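**Student:** Build the 3D model from these lines:
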Amino acid sequence: MKSRPLSLALLAAFSAGGIAAPPAAKPAKVSMDFWITEGQQPVKIPPTQANVPYGTDKMQVLDFWKAESDNPTPLVFFIHGGSWKSNDKDKVTGLRQYLPAGISVVSINYRFVQQAQAAGIKPPVKWPLEDAARAVQFVRSKAAEWNIDKTRIGASGGSAGACSSLWLAFHDDMADPSSSDPISRESTRVACAGVVGAQTSLDPAQMKEWTPNMSYGGHAFGFNPTKGAPASGFKTFLENREKILPWIKEYSPYELASAGDPPIYLHYADAPAPGQKQKDPTHSSNFGVPLQKKLKAAGVECHLMHLGAPEQKYPDPIAFLIARLKQPSP
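**Tutor:** Residues are numbered from 1 along each chain as shown. So this is what the prediction gives:
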């Protein structure tokens, strides 16, 4: 069966919210599980528990796949993509690798930005990101019942789900030890994150400097394009940047990255060209280069795989997450 052209396959994978991506050019080697051929879909493995509520909204539900083990297992916490506007937790990938490796999996749904905007939430991205944090806390509250090692939870996802995963990895712990809610007392921190096509910044000036034809992100802060003018949302986003700097500092992963953060794996399908236009600016490896530089300067482990990258210790995020999560607990 013929594979799709690289750009189309990547777009399909990201639009579906999975973390699939085409293999990188030699000498890098990428697992074949990371790309989708025409007509092929990820194998569906029924969850151990489906549609488990972690909040009161109908979107605040998750699926759980339990790995068989006598001892508490690590867990991959998967967040689907779709610009925080669409898709579903059934887009989870990697189950065929994680479960046999003794790693359990959770995949979440979350409230979308359009729901948040309709409810008057500012910025709208607050809901999907904070839902992810709440879901991590919920999973930790189920550690004994689900046989989970709460010290070995790794975040993963593609596109917006990748951005959410990095936000979790870099944000200070949002646990509230004094809360009367036992779930809120649980930690939101993760042990590592392995992601594909991540938007590492939500700062419009920064994004445009890295990739001049960038047009993504305005919707996260309520700047939606006008009908027939798809670039207008980003233009308004950029014009209003100074007014929303506090939001950018709270919700942009790059702003939050600092010393002491967990190990990170970034996977992109294109070759980086900092400061140049990209064919797929929303998922460009131009996002990965500056984040890796910042993390390395802070002493944080960060792997960057992209088209044409030299061969690395971990060929893809799945291999990285399995290796990191199977290490003994600290």
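
**Student:** Would you indicate which residues of stretch 99-110 are buried?
**Tutor:** Neighbour counts over stretch 99-110 (16 or more other CB atoms under 10 Å) mark 99, 101, 103-110 as buried. No exception for glycine: its C-beta is placed from N, CA and C like everyone else's.

**Student:** whoops, stretch 240-250 was the one
**Tutor:** So for stretch 240-250, counting by 16+ other CB under 10 Å, buried means 244, 247-248, 250.

**Student:** Out of those, the closest to Val52 would be?
**Tutor:** Glu250 (28.2 Å; CB to CB).

**Student:** For stretch 165-172, which outside residues touch it?
**Tutor:** Contact partners of stretch 165-172, identified using CB atoms under 8 Å, 6 or more residues apart in numbering, comprise 77, 79, 129, 132-133, 136, 155-157, 188-190, 192-193, 195, 198, 200, 251, 253, 256-258, 261-262, 264, 291.

**Student:** for it, what is the average pLDDT?
**Tutor:** For stretch 165-172, mean pLDDT is 98.

**Student:** now swap in stretch 305-320 and tell me
**Tutor:** In the prediction, stretch 305-320 has an average pLDDT of 93.

**Student:** Buried residues, that stretch. List them.
**Tutor:** 305-307, 309, 312, 314-320.

**Student:** Just the ones in helices from the residues you listed, please.
**Tutor:** 317-320 (DSSP state H).

**Student:** low-scoring stretches of this structure, by residue?
**Tutor:** Low-confidence segments of the chain (pLDDT under 70): 1-43, 329-330.

**Student:** Kindly export stretch 299-314 (C-alpha atoms) in CSV.
**Tutor:** Only the C-alpha atoms of stretch 299-314 are listed here, as CSV (Å, rounded to 0.1, in the frame of the first residue of the first chain):
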residue,chain,number,x,y,z
GLY,A,299,20.4,21.8,32.5
VAL,A,300,17.2,20.0,31.4
GLU,A,301,17.4,16.9,29.2
CYS,A,302,15.8,17.6,25.8
HIS,A,303,15.9,15.4,22.7
LEU,A,304,14.9,16.9,19.3
MET,A,305,14.1,14.6,16.4
HIS,A,306,13.4,16.1,13.0
LEU,A,307,13.8,15.5,9.3
GLY,A,308,17.5,14.9,8.7
ALA,A,309,18.5,14.8,12.3
PRO,A,310,21.5,12.6,13.3
GLU,A,311,20.6,9.2,14.7
GLN,A,312,19.6,9.5,18.4
LYS,A,313,19.4,7.3,21.5
TYR,A,314,15.6,7.3,21.2
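
**Student:** residues in contact with that stretch?
**Tutor:** So stretch 299-314 is contacted by 24-25, 27-30, 257-272, 285, 288-289, 291-292, 295-296, 315-316, 320, 323 (CB under 8 Å, 6+ apart).

**Student:** about what we covered before: looking at the buried residues of stretch 305-320, which one is closest to Ala116?
**Tutor:** Pro317 (27.9 Å).
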